[in-house]
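K.L.:
Dropping a prediction and its sequence here:
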Amino acid sequence: ETLLGAFDKDNSTFKKRVGTDRVIATYMSRVRARNHVAAFIKANYKRNDMSMIELTPDFIKEFAVFLATDRGLQNGSIWANCMWLKGVVMRAHYNGLMPRNPFAQFHISPNVKEREFLTEDELKAVMTHDFTDSKLAYIRDLFVFASFTALSFVDIKELTTDDIVEINGEKWILSKRHKTKIPFQVKLLDIPLQIIKRYEPFQENKLVFPNLNYWNICKPLKKMIKECGIDKDISFHCSRHGFATLALSKGMPIESVSRVLGHTNIVTTQLYAKITTEKIDKDLTMFGNQLNQWTICNLNAIGMERTIITINESGCVNIPDGNVWMSFAELMVLFDVAAPTLKAAIRAIHKSGVIAEHTQHCEVMPYTYWATLYNMDMIAALAFRINSYGAEKIRSELLKRICGRKEKICYLFSLANSPMGMS
């Protein structure tokens, strides 16, 4: 089978799931990755396609360079395209279409850049700016509405008057996130209520903001931000990051922020929210005041001693004898998988009930920072649930240790029951 043929087959299977448990945007990302691979083969090998068994470890390394130099992609996009390619080849290997996986030891870090967001003063500048262009004023109102409700663009686009209900005399938005189908509830504060009121005469088919098109807003949004004197690369989605950061800095618990954002995992909320200098200053001041009241410094109350599993460049696995607890981000690096894949595996293990749920993880809260840590039981279960280079290495090491221990026990048992052992 050829590489592009396998890619097309994978994409065709994925497309059938669009609208059920996958979205069209992810499908288009896969199609773009396939087209990048086709362009790379044509440019480097002067061919239209190549056999899967011809692939070497250098292929994906050269592909990554091609994406950076010829296509001008940033590191995050290079990582995403390489992961789609790596997934196609991995599935072909597991299905017996090729004797080995040439990309098994290829690793690339996404190095996702810091999320941009507007500070409180910058948001005020946007809100108070007087626009002569009515279109920019409208886009400003949409952005401000998103900044006070944490709704994504598609959620605003689909927002209807039926989603706005009155609870105890207050207006709330009760709906489900378009992306995750997770229910959410957001109280409408004065500013978003004023924006809804302003555009009431233009509502159609119960849509609060009708006829929205994301691509018609992208460029004008950047123009609007620039006109306000803000020199930042802001996208519409940055409004959600701004909401999370502002909410945390004002003292809202991260669990509440996560619930408003509609996240299924608090780790995602940690990626969204930026801890500002003011927040750190306030927390450190509070921390200092608490320290001054202590009579005995109990270091064990502050944190827990833990170790993590690592895989070096040679593929050697180091499983320490200490207390192994790993965070979600550390597990992503260990198993070399994306966040959705790891989340799905953890959910499946939770659902199966193979391990008592309370023994799988613990919540660690050093002051205002939350982290979910997973112990060796969960890590072992994940290793046998996930198909990746990292998981394969962990499985092999675990089986080696189990078999090695078993052989040792059998060997000692046979000695104890032998005539030599009984003399």
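P.N.:
Done, it's in.
K.L.:
from what I can see residue 386 touches residue 336, true?
P.N.:
No - at 9.2 Å, residue 386 does not count as touching residue 336 under the criterion of C-beta atoms under 8 Å. (Glycine included, C-beta is placed from N, CA and C.)
K.L.:
quick one: the strands in the stretch 301-423 of the chain?
P.N.:
Along the stretch 301-423 of the chain, counting by DSSP state E, counting those that start in this stretch, strands occupy 310-311, 317-318, 325-327, 361-364, 371-375.
K.L.:
worst average pLDDT in those?
P.N.:
The minimum mean pLDDT among the strands of the stretch 301-423 of the chain belongs to strand 361-364 (a mean of 50).
K.L.:
ok, which stretches of the stretch 151-300 of the chain are helices?
P.N.:
Here the stretch 151-300 of the chain has its helices, by DSSP state H, counting those that start in this stretch, at 153-157, 190-198, 215-227, 238-249, 254-261, 266-272, 277-293.
K.L.:
One more: the stretch 1-150 of the chain?
P.N.:
Using DSSP H, counting those that start in this stretch, helices in the stretch 1-150 of the chain cover 3-15, 24-45, 57-69, 75-94, 120-128, 134-149.
K.L.:
contacts for the second one?
P.N.:
Helix 24-45 is touched from outside by 3-4, 7-8, 10-11, 14-15, 18, 47-50, 62-63, 66-67, 70-71, 80-81, 84-85, with contacts defined as C-beta atoms under 8 Å, 6 or more residues apart in numbering.
K.L.:
Just the buried ones from those, in PyMOL syntax?
P.N.:
Selecting only the buried entries of the contacts of helix 24-45 in PyMOL, with 16 or more other C-beta atoms under 10 Å as the criterion:
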select buried, resi 3+4+7+10+11+63+66+67+80+81+84+85
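K.L.:
Can you pull out the low-pLDDT segments for the stretch 201-350 of the chain?
P.N.:
Counting by pLDDT under 70, the stretch 201-350 of the chain shows low-confidence ranges at 268, 271-304.
K.L.:
Let me see the contact set for residue 311.
P.N.:
Per C-beta under 8 Å, 6+ apart, neighbours of residue 311: 317-318, 334, 390, 393-394.
K.L.:
what are the bridge partners for it, then?
P.N.:
Beta bridges link residue 311 to residue 317, judged by DSSP bridges.
K.L.:
Then residue 167?
P.N.:
Bridge pairing for residue 167 - DSSP bridges - gives residue 170.
K.L.:
and it, how far is that from residue 120?
P.N.:
28 Å (C-beta to C-beta, to the nearest Å).
K.L.:
Residue 210 too?
P.N.:
Between residue 210 and residue 120 the distance is 31 Å, computed by C-beta to C-beta.
K.L.:
and what of residue 24?
P.N.:
From residue 24 to residue 120 the distance is 36 Å (C-beta to C-beta).
K.L.:
Which one's more surrounded, those two?
P.N.:
Neighbour tally, residue 24 and residue 120, criterion other C-beta atoms under 10 Å: the higher count belongs to residue 120, 14 against 10.
K.L.:
Find the nearest non-adjacent residue to that one, please.
P.N.:
Of all residues not flanking residue 120 in the chain, residue 246 sits nearest, at 6.1 Å (C-beta to C-beta, 6 or more residues apart in numbering).
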